[in-house]
Every structure is written in structure tokens, then in C-alpha cells.
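Engineer: here you go, sequence then predicted model.
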Amino acid sequence: LQFASAGRYKIIYVAPERLETHMFLEFAGSVQISMLTVDEAHCISQWGQDFRPSYLKIVQFICNLKHRPVLSAFTATATENVKEDIVCVLGLQKPRILVTGFDRKNLYFAVETPRRKDAFVMEYIKAHTGESGIIYCATRKNVDTLYEKLRNERVGAARYHAGLNSEERKVSQEDFIYDKCPVMIATNAFGMGIDKSNVRYVIHYNMPQSLENYYQEAGRAGRDGGQAECILLYSAQDVVINRFLLDSKEQNQEFTQEELKAIRERDEERLRTMSYYCMSKNCLREYVLRYFGEYGSGSCGNCGNCKSEFEVTDVTEAAKKIIFCVREVRGRYGINVVAGTLSGSDRAKLQEYGVSSYASYGRLNEMTETGIKQIIHQMLLDGILEVTKDKYALLRSSALSEE
């Protein structure tokens, strides 16, 4: 800080928590700061996927300065709501808003649903021997298990998660960056500030909690502009794991109960949006771009869905019966119960709910529950049905249902 006061440093990089310390406040009061830049600025917004109360202290810090510096803010994942919030919360005055675009045409996106994820990963790595890649897992346990399996197959792999000590993490990171170990298996603790240019693939072993997280992590591929692949391995269990992680998330004591409820609802909404991405048969790139407020051509020609052939089926009659069932149960149940009711399932849980007394019971017994769920997910994507924002995700009819 003494060197900074003497003008020896042009840039100081600090955590927002630092702005509250007495020593730093003394320093800030004795110098003229020409520009204050907020990095990862989505953290300042209550709509951001990683909202942190400490970021709000930045505003207080600016107000206490003798001279207001030029303000700038940067983020790689800002939806329209987040952009508006950043401008508002920071009190930016006549800001120039620059959007460089979210579309990275060199990245190929795909969603796979393999029965055995380990076998898929092993096969993929062997087909891309010598190439550098990252495999993201939702839990430390998955990282450790996959790491051991790859090492047993003599794959040059490193691992990274918060359960390792700082020296172990440092060694792993350097082994990966300097290509000693071409494959990195990690939780989302890995990646901030990593700018390795030759990452040829990013595989998500589990579905992330939000599209923001996914696009940030997948975007670590192909930074040299070369072709790279971003593959998400999806299973229904991923939703269960993510919901458990949300339930286990440490609650910030600075929030009121009302604020915590709103944050949880937004987390649930993001999780649903992410799971719809995994189930969509439309262009995956278009899905991501629309989420961030951009529009492409509707078909990119370079994603798993655009390169696949799907059989188009008219499910109007089934959709009508689904809407009838949702209305008949008066929005008291989620997808699993509605699908089970329509298929005529005799599961104990359904019998406990007394669903066999509904007129809808068994109305789609020629279909599997999985098939009914696929139609419901498509109806949700198209806005023909809606779900409540809480973790129960109860089905409701929408304004489009009647139409």
C-alpha cells in the first residue's frame, strides 16, 4: 500500500472484503483513484448466479471516496436483468454498454445420455489422445473416483477440488497448464482465471446448476480460436444431486428470510432452465444465446441437435390430456405424479395420493411415463405449461394452454 501511495503501481487487484478494512480505507482516503473496475460484476446483482453481499460494499466504498473515480464493470455471463442491475446498483452515470457477443462459433455443443458415464469418458479420451481437456464433476467424490479410474488406465490426469490442500491444488494446476497432465478432472472450484488456450474439449460429467455456470465452464475450451467440443453428460440423477447441493448451500446470515426465499426460487428457476437445455431437441447454441438476450439463425449447424435427425410426432391429443390432468389435480402435483397418473401407474405413493379416482387416470396408458414426461418438458419449453418457482415445481396450466 505504501508503494501504491507512492505511485509505483498502476493497478491493485483486491477482494471486495478488503474494502472494509481500516488500513485499506486509510489508504484510499490518501490517494486519488482514477478508475475502479468491478470484475465478475454479475456478483453485484441479486439476479446473478453468484450474488455476494460483499459486492454491495463496493458501492458504499465509492460513496466514501473524496473523488468519484471512473467506474467500469465486466462479466462474461450477464442476462438482461443482470445488466440492468449492474448499472442501477453501481449508479453508473451515462454508461457505455459494450456487448462483445456470447456466440463462439468454434465451440461444438452436445448433450449425451450414456448409460455408463465412465465408459463414455474413457472412450472419448482415448479417441482424443494427447489433446488437452477438462472434465467437470458436481462432487469431490466423483472427481476422486474418476481420477483413480483414469490413472489406472494410465491416462495423464490431474484433479482439483476444495478438499485438496493448497500445495496439491497448485501442483495439479501447473501439471495441467504446462501439459504434463493433459486431462484435468475438477469441481467448479477450478477455472477462475485459467486461460489455457489449447483446451480442445470440456466434458461435464454432471449437469451444472445453471446455464451461466455451464457457459462459463464450457467457455474454457477453444480459447485459441481452434475447434473445440463442449459435451454435457446428462442423467435424471443430476437434478437430484443439484437439488441436494442447493439444500446444503451455506445460508448467508446477512440475508433476511424473504431474501433467502427469493434466492432459492431463482436457484430453482436456473436449475430448471439448465435441465430444459439438456432435454431440448432444438438448436443448443440458439438456446444459450436466447437466454443471454441474443438471437441467432435458429439453427447453427454445429451442435449435437442440429447434426442429429429426430422423428417429428404430432402429440396434440396427448398434450390435451396432460392439460386436462394438470387442471383436474388443481396444480397440486409435479411432473412425476402427473405422468404416473396419466400412464395408470399403481405405485404405492400414487395410490396414497388417491390418483386412481381421477378421470385422467390411465388416459395415456399406451405410453410410457418417460414418453409422457418428454411431452410435458416440451410443453414447458413452449410455455404451454408452467411450474411453480419453488423446489416442488408443481405443474400449472398457462395462458397458452387453452389455445
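Structural biologist: Arrived safely.

Engineer: mind listing the helices for the stretch 101-250 of the chain?
Structural biologist: Secondary structure of the stretch 101-250 of the chain (DSSP state H, counting those that start in this stretch): helices located at 117-127, 140-152, 166-177, 211-218, 236-248.

Engineer: just the stretch 301-403 of the chain next, same as before
Structural biologist: Shown for the stretch 301-403 of the chain, the helices assigned by DSSP H, counting those that start in this stretch span residues 316-328, 335-343, 348-353, 369-381, 399-402.

Engineer: out of those helices, which is the most enclosed?
Structural biologist: Among the helices of the stretch 301-403 of the chain, ranked by average contacts under mean count of other C-beta atoms under 10 Å, first place goes to helix 335-343 (a mean of 22). (Glycine included, C-beta is placed from N, CA and C.)

Engineer: how many residues are close by the closest residue in space to Lys105 that isn't next to it in sequence?
Structural biologist: Ranked by C-beta to C-beta, 6 or more residues apart in numbering and with sequence neighbours excluded, the top spatial neighbour of Lys105 is Asn302, at 7.1 Å. Asn302 is flanked by 17 other residues according to other C-beta atoms under 10 Å.

Engineer: got the phi/psi numbers for Asn302?
Structural biologist: phi -140, psi 50 (degrees, to the nearest 10).

Engineer: same question for Ile263.
Structural biologist: When read as degrees, to the nearest 10, the backbone of Ile263 gives phi -60, psi -40.

Engineer: quick one on the thing from earlier: and Asp175, which of the helices of the stretch 301-403 of the chain is closest to it?
Structural biologist: Closest to Asp175 of the helices of the stretch 301-403 of the chain, according to C-beta to C-beta: helix 369-381, at 40.7 Å.

Engineer: how about Arg327: what's its closest non-neighbour residue?
Structural biologist: Nearest non-adjacent residue to Arg327 (C-beta to C-beta, 6+ apart): Ser397, at 5.7 Å.

Engineer: secondary structure class for Asp50?
Structural biologist: coil (DSSP: H, G, I helix; E, B strand; the rest coil).

Engineer: quick one: pLDDT of it?
Structural biologist: In this model, Asp50 is scored at 76, pLDDT.

Engineer: so which of the helices of the stretch 101-250 of the chain is nearest Gly334?
Structural biologist: Closest to Gly334 of the helices of the stretch 101-250 of the chain is helix 236-248 (C-beta to C-beta; 11.6 Å).

Engineer: quick one: the strands in the stretch 51-200 of the chain?
Structural biologist: Listed in chain order, the strands of the stretch 51-200 of the chain (DSSP state E, counting those that start in this stretch) span residues 70-73, 107-112, 132-136, 157-160, 183-186, 199-204.

Engineer: and these, which is most packed in?
Structural biologist: strand 183-186 (a mean of 27).

Engineer: coming back round to it: so which of the helices of the stretch 101-250 of the chain gets nearest Glu84?
Structural biologist: Of all the helices of the stretch 101-250 of the chain, helix 211-218 comes closest under C-beta to C-beta, at 15.8 Å.

Engineer: ok so, going back, mind putting the strands of the stretch 51-200 of the chain into TSV with distance to Tyr214 and mean pLDDT?
Structural biologist: Shown next, in TSV, are the strands of the stretch 51-200 of the chain (distance: least, C-beta to C-beta, whole Å; pLDDT from 0 to 100):
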stretch	distance to Tyr214	mean pLDDT
strand 70-73	22	95
strand 107-112	10	97
strand 132-136	9	97
strand 157-160	18	96
strand 183-186	15	96
strand 199-204	7	97
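
Engineer: to the chain's geometric centre, what's the distance from the helix or strand of the chain with the lowest mean pLDDT?
Structural biologist: When each helix and strand of the chain is scored by mean pLDDT, DSSP states H and E, helix 236-248 comes last, with a mean of 85. Mean-position distance between helix 236-248 and its chain equals 13 Å (C-alpha atoms, centre = their mean, to the nearest Å).

Engineer: would you mark the buried spots in it?
Structural biologist: Asp238, Val239, Ile241, Asn242, Arg243, Leu246 (16 or more other C-beta atoms under 10 Å).

Engineer: mind listing what the spatially most central residue of the chain touches?
Structural biologist: Taking C-alpha atoms, centre = their mean as the criterion, Ser210 is the residue nearest the geometric centre of the chain, at 2.2 Å. Counting by C-beta atoms under 8 Å, 6 or more residues apart in numbering, Ser210 makes contact with Gln49, Asp267, Arg270, Leu271, Thr273, Met274.

Engineer: quick one, what contacts the fifth one?
Structural biologist: I take that to be Thr273. Ser210, Leu211, Tyr291.

Engineer: and it, what pLDDT?
Structural biologist: Model confidence at Thr273, given as pLDDT, is 91.

Engineer: for it, phi and psi?
Structural biologist: phi -60, psi -40.

Engineer: then the third one?
Structural biologist: Note on Arg270: its backbone torsions stand at phi -60, psi -40 [degrees, to the nearest 10].

Engineer: skipping adjacent residues, who's closest to it in space?
Structural biologist: Ser210 (3.7 Å).

Engineer: give me the pLDDT for the one you found.
Structural biologist: Value for Ser210, per-residue pLDDT: 92.

Engineer: so how far is Val59 from it?
Structural biologist: 25 Å (C-beta to C-beta, to the nearest Å).

Engineer: cheers, nothing more for now.
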